[in-house]
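S.K.: Return a 3D structure for these sequence lines:
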Amino acid sequence: MIPIVKTTDDKIIDRRKTRSCCWKEARLSLVEIPTQKRTIIVGTVGTVDEAGNQLLHSALRAGIDNNTKVHALGDGASWIVNQVMRLFGERASYLIDFYHLCEYLAAAAPRGNEQQQKNG
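M.R.: Alright, predicted model coming up:
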């Protein structure tokens with residue numbers, strides 16, 4: 001998340017009194033070109049479609065074609081999976097990264113223990 005500071009009135013010279021802060025999600029994409037040992041990193045605070053289009057543009061810059069297999073890795077957000085499928089279809093696979101997988105399992109573990117204790 002990125003903090004965004006907005007001012008409400010351009011006519012006031014001292015804008016410190018008219019500021020408000022909000023947060024926007026930064027959507028980052030990284031495309032690796034293994035044969036060149038090079039990566040392309042792009043980011044946006046725009047829509048999920050804009051992030052997807054940036055990912056596609058990066059993949060095209062990396063030399064992807066219709067026969068290239070795509071392996072995507074992310075935090076498990078549904079919009080990422082949807083964009084990968086929209087852009088690359090059947091030639092793509094998706095995997096949740098280890099950090100987020102552990103985080104989701106840890107959050108689910110107490111509920112599993114409660115259920116197990118109820119069922120005896």
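S.K.: Please point out which parts of the host helix or strand of residue 101 sit buried.
M.R.: Using DSSP states H and E, residue 101 maps to helix 98-119. For helix 98-119, burial by neighbour count (16 or more other CB atoms under 10 Å) applies to no residue. Bear in mind the C-beta positions are built from the backbone N, C-alpha and C, glycine included.
S.K.: What's the mean pLDDT across it?
M.R.: Helix 98-119 carries an average pLDDT of 83.
S.K.: For that helix, name the packing helices and strands.
M.R.: If contacts are counted by 3 or more CB pairs under 8 Å, 6 or more residues apart in numbering; DSSP states H and E, helix 98-119 sits against no helix or strand.
S.K.: Correct me if wrong: residue 54 contacts residue 28.
M.R.: No - counting by CB atoms under 8 Å, residue 54 does not reach residue 28; the two are 9.3 Å apart.
S.K.: which residues do the two both contact?
M.R.: Applying CB atoms under 8 Å, 6 or more residues apart in numbering, one finds that residue 54 and residue 28 are jointly contacted by 42-43.
S.K.: quick one, which of those two is more surrounded?
M.R.: residue 54 (20 against 13; other CB atoms under 10 Å).
S.K.: Distance of the residue positioned nearest the centre of the chain relative to residue 109?
M.R.: When CA atoms, centre = their mean is applied to the chain, the residue found nearest the centroid is residue 27 (4.8 Å). Between residue 27 and residue 109 the distance is 29 Å, computed by CB to CB, to the nearest Å.
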